[in-house]
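> For reference, the sequence and a predicted model appear below.
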Amino acid sequence: MDVFAVRQRSLPRFAHTLCCPGCAVSTPPAQSEKRDANPRLTFRRQTAYRVILERLDTAYTPRCIGAPHLSDCLRQPGSTTPRGSGAAYAQITQGIALPRIQHLVAISAGIAMTVLAGCASYRAMPLPTAPTAQPLSRVSVDPSKLRLPALASRRFDPADGLDMTEVAMLAVANNPDLRLARDDLGIARAQAFAAGLLPDPQLGIANDYPSPSQPGATRAFNYGVSMDIMALAMRPYAKQAANANVAKIDLGLLWQEFQTAAQARRLFVKVRAQDAVLPLLYQARELTGRRYAVLRQAVERGNVAADTVTSALTAAQDARKQYADAQHATLQAHEDLNALLGLPAGSTLPLVDGGSAPRAQADATPDALDHLPERRADLLALAQGYAAEDVQYRTAILKQFPSLTVGFVRARDTSSLYTTGFQINLTLPIFNRNRGNIAIETATRQRLHDEYENRLNQAYADIKRLQADRSILVDQLNGAEAALPALTQLSDAAQHALDAHDITLVSYTDDRMAWIAKAVEVATLREALAEQDITLDTLLGITAPADLLTLHTPASHHD
């Protein structure tokens with residue numbers, strides 16, 4: 001018989017049959033003939049058998065080739081006992097499986113290197129131990145990275161001083177809270193990236209070894225690959241919700257940039273106004289103090305009544321307190337501006353006039369009100385948040401159906417019987433049916449709907465209130481500015497009379513204090529009106545990008 005027509009079996013078992021006298025399995029002639037007639041042998045198995053025969057004693061090799069059964073080739077001449085032992089088995093099979101092991105090791109190493117090459121690695125990020133705020137001289141602003149048109153069209157150059165627009169540019173680029181908001185946007189984008197990834201398949205491997213070992217028994221295995229079909233079906237909705245959440249965070253960041261720029265402009269106006277008012281209040285403190293000193297001397301000489309000096313003392317104390325309060329307010333405004341700009345405390349900013357914010361034009365207000373939901377970034381952000389929650393609500397409804405996992409299985413039992421099949425795992429929607437999550441998403445969507453409605457109503461109410469208040473401020477400012485020239489003339493005339501010794505210091509102080517009070521009132525009203533115009537422009541979305549609605553229109557993503 002041809003020794004290479006032996007029935008296919010594993011190499012260790014074949015060598016064990018040849019070499020282990022106590023474990024050799026006798027084969028009936030009918031099975032032997034059927035086994036000899038089996039032509040299904042691979043080249044690799046034939047080569048392995050040849051190697052085994054070559055390692056046998058040369059005296060037995062001819063008998064092996066011509067023997068009716070392979071076990072006969074190991075018998076001594078004249079003996080019925082097969083030759084061999086455990087040591088002989090090890091000697092014969094030594095090195096036979098080595099090429100296969102090396103091949104498996106090489107494949108495993110290649111797979112491991114491929115997997116590890118795509119893995120993320122850990123990078124340490126130690127926390128700072130000292131303040132990290134940079135001075136103005138080391139801060140740079142790239143206008144091309146600013147999304148507000150009024151800021152992106154300007155060049156940032158602090159060498160010639162900072163005007164209102166440059167202060168707003170610096171605030172948007174360097175504000176610490178905006179840095180955190182941009183980090184939140186990065187997290188949302190990472191979550192959207194994660195939502196778009198395909199779910200990984202699941203690989204199951206099981207090996208069973210006969211215990212105790214039985215003759216003819218082989219290792220059983222069960223290999224399976226499965227995939228969560230429900231995760232694949234939910235992927236488009238998860239990605240759509242994640243993209244809507246990214247748009248919500250991005251629009252929220254844009255609205256925060258609007259507010260930060262507006263706050264920087266308001267603080268600029270406040271600082272400039274207080275810097276202008278502070279010398280006037282200092283002059284008032286000095287004048288009232290000198291007047292009190294003169295009147296006190298007059299009382300001591302008996303030239304005036306005592307109640308006159310009392311009123312002068314009260315006026316001097318009020319002027320001193322007003323000046324001290326203005327000093328505190330000015331210092332606080334400067335520090336608030338430094339904090340908003342992300343600069344170290346105590347920084348001195350070279351503020352200059354110019355770059356004033358555009359005033360809310362009466363002809364632009366009706367159009368802005370008609371398209372307010374399309375111009376306000378906060379309203380668009382709430383709309384995107386509602387769209388994301390609507391997708392979450394639909395996803396919760398779909399998840400009430402059974403969760404389905406499908407896989408393919410390849411198995412072998414201990415009798416070398418191979419099977420191929422498939423498996424299906426599903427959740428029976430009997431008790432839960434995802435009703436809890438559906439109720440949660442329903443209530444959440446209702447809250448977001450009400451929040452958008454409230455914000456929209458509040459936006460219109462705030463604009464109407466500011467417009468009415470602005471009209472009152474304009475009337476007040478016009479009246480104060482109309483009275484200021486006359487008081488200025490009286491003050492100048494009093495100054496000339498005092499220089500000519502035609503009037504007393506008390507009379508001059510009264511005229512001068514009237515002008516100072518009106519000048520402070522005008523400066524305060526101008527500051528309030530400028531701050532209100534800045535706020536009104538922000539609420540109307542006048543400085544919003546022209547493509548704000550186009551860039552953040554909700555879109556479906558079913559890829």
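Looks like it came in fine.
> Mind jotting down where the strands sit in the protein?
202-208, 220-228, 404-412, 418-426 (DSSP state E).
> Can you list the strands that the second one pairs with?
Based on DSSP bridges, the strands next to strand 220-228 in the sheet, each with its direction, are strand 202-208 (antiparallel), strand 404-412 (antiparallel).
> quick one: the first one to strand 418-426, angle?
Strand 202-208 runs at 130 degrees relative to strand 418-426, counting by axes from the mean of the first three to the mean of the last three C-alpha atoms, to 10 degrees.
> now do the longest one
On the basis of the same axes, to 10 degrees, strand 404-412 is oriented at 160 degrees to strand 418-426.
> and strand 404-412, which residues are buried?
For strand 404-412, the buried set under the neighbour-count rule, 16 or more other C-beta atoms under 10 Å, comprises 404-405, 407, 411-412. Any C-beta I mention is one placed from the backbone N, CA and C, and that applies to glycine too.
> and what of stretch 474-488?
476-477, 480, 487.
> ok, now stretch 516-531?
In stretch 516-531, counting by 16+ other C-beta under 10 Å, buried: 516, 518-531.
> Ok, stretch 434-445 next?
Result for stretch 434-445 [16+ other C-beta under 10 Å]: buried residues 434, 437-438, 441, 445.
> which residues are contacting stretch 209-228?
10, 13, 23, 25, 199, 201-208, 403-416, 423, 425 (C-beta atoms under 8 Å, 6 or more residues apart in numbering).
> of all the buried residues of stretch 434-445, which comes closest to residue 171?
residue 445 (35.3 Å; C-beta to C-beta).
> how much space between the closest one and residue 384?
Remark: distance between residue 445 and residue 384 (C-beta to C-beta, to the nearest Å) = 13 Å.
> Verify the contact between residue 188 and residue 245 for me.
Yes: contact between residue 188 and residue 245 holds when scored by C-beta atoms under 8 Å: they sit 5.5 Å apart.
> returning to that earlier point: just name the closest of the buried residues of stretch 474-488 to residue 297, please.
residue 487 (28.5 Å).
> pretty sure residue 381 contacts residue 246?
No: look at residue 381 against residue 246 with C-beta under 8 Å: they stay out of range, at 11.1 Å.
> Residue 168: neighbour count?
Neighbour count of residue 168, defined by other C-beta atoms under 10 Å: 31.
> Sorry, slip of the keys, the one I care about is residue 365.
For residue 365, using other C-beta under 10 Å, the count is 15.
> Equivalent analysis for residue 267, please.
23.
> tell me the contacts of it?
With C-beta under 8 Å, 6+ apart, residue 267 has these contacts: 167, 333, 336-337, 340.
> One more pass at 7 Å, please.
Contact analysis of residue 267 by C-beta atoms under 7 Å, 6 or more residues apart in numbering lists 333, 336-337, 340.
> just those residues now: which is nearest residue 312?
residue 333 (31.3 Å).
> The closest one and residue 271 touch, don't they?
Yes: between residue 333 and residue 271 there is a contact at 4.8 Å, judged by C-beta atoms under 7 Å.
> For the closest residue in space to residue 529 that isn't next to it in sequence, give its distance to residue 467.
Excluding the flanking residues, the one nearest residue 529 by C-beta to C-beta, 6 or more residues apart in numbering is residue 473, at 4.9 Å. Here residue 473 is placed at a distance of 11 Å from residue 467 (C-beta to C-beta).
> List the contacts of the closest residue to residue 352 other than its chain neighbours.
The shortest distance from residue 352 to any non-neighbouring residue, by C-beta to C-beta, 6+ apart, is to residue 161 (3.5 Å). Residue 161 makes contact with 350-352 under the criterion C-beta under 7 Å, 6+ apart.
> Now do the domain split for the protein, please.
3-116, 144-344+361-551 (automatic domain parsing).
> Most tightly packed of these?
Neighbour counts (mean count of other C-beta atoms under 10 Å) averaged over each of the domains of the chain peak at domain 144-344+361-551, with a mean of 16.
> what does the average pLDDT come to for that one?
Averaging pLDDT along domain 144-344+361-551 yields 92.
> Just the endpoints, please. Distance across stretch 421-436?
Start-to-end span of stretch 421-436 (C-alpha to C-alpha, to the nearest Å) is 36 Å.
> Compute the inter-axis angle for the longest helix along the chain and strand 404-412.
If you go by DSSP state H, the chain has its longest helix at helix 229-301. The directions of helix 229-301 and strand 404-412 differ by 130 degrees, with the same axes, to 10 degrees as the criterion.
> what's the closest of the contacts of residue 267 to residue 322?
Looking across those and measuring by C-beta to C-beta, the closest to residue 322 is residue 333, at 16.1 Å.
> and the gap between the closest one and residue 340?
Residue 333 sits 10 Å away from residue 340, going by C-beta to C-beta.
> Over to residue 197?
Taken as C-beta to C-beta, the span from residue 197 to residue 340 is 39 Å.
> same check, this time on residue 214
For residue 214 relative to residue 340 (C-beta to C-beta), the value is 82 Å.
> any chance you could map the helices in the stretch 451-559 of the chain?
Along the stretch 451-559 of the chain, the segments classed as helices by DSSP state H, counting those that start in this stretch run 505-540, 548-551.
> These: which one's closest to residue 179?
Closest among the helices of the stretch 451-559 of the chain, using C-beta to C-beta: helix 505-540, at 20.8 Å.
> name the helices or strands packed onto the closest one?
Secondary-structure packing of helix 505-540 (3 or more C-beta pairs under 7 Å, 6 or more residues apart in numbering; DSSP states H and E): helix 229-301, helix 435-499.
> want to throw these into a markdown table with distance to residue 171?
Output for those, formatted as a markdown table (distance: least, C-beta to C-beta, whole Å):
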| stretch | distance to residue 171 |
| --- | --- |
| helix 229-301 | 4 |
| helix 435-499 | 22 |
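> which one of the domains of the chain lies closest to residue 125?
Closest among the domains of the chain, using C-beta to C-beta: domain 144-344+361-551, at 12.6 Å.
> Now do that closest one: distance to the chain's middle.
17 Å (C-alpha atoms, centre = their mean, to the nearest Å).
> Pull the contacting residues for the residue minimising distance to the centre of the chain.
Taking C-alpha atoms, centre = their mean as the criterion, residue 187 is the residue nearest the geometric centre of the chain, at 1.6 Å. Neighbour list for residue 187: empty [criterion: C-beta under 7 Å, 6+ apart].
> Please report how far it lies from residue 253.
From residue 187 to residue 253 the distance is 12 Å (C-beta to C-beta).
> Also residue 389?
Taken as C-beta to C-beta, the span from residue 389 to residue 253 is 19 Å.
> Kindly report the same for residue 392.
Counting by C-beta to C-beta - residue 392 and residue 253 are separated by 21 Å.
> Equivalent analysis for residue 516, please.
In terms of C-beta to C-beta, residue 516 sits 45 Å off from residue 253.
> just checking, residue 162 touches residue 349?
Yes: using C-beta under 7 Å, residue 162 is in contact with residue 349, at 5.9 Å.
> Could you give the bridge partners of residue 227?
On the basis of DSSP bridges, residue 227 is bridged to residue 406.
> ok, back up a step: can the helices of the stretch 451-559 of the chain go into TSV with extra columns for distance to residue 235?
Shown next, in TSV, are those (distance: least, C-beta to C-beta, whole Å):
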stretch	distance to residue 235
helix 505-540	39
helix 548-551	25
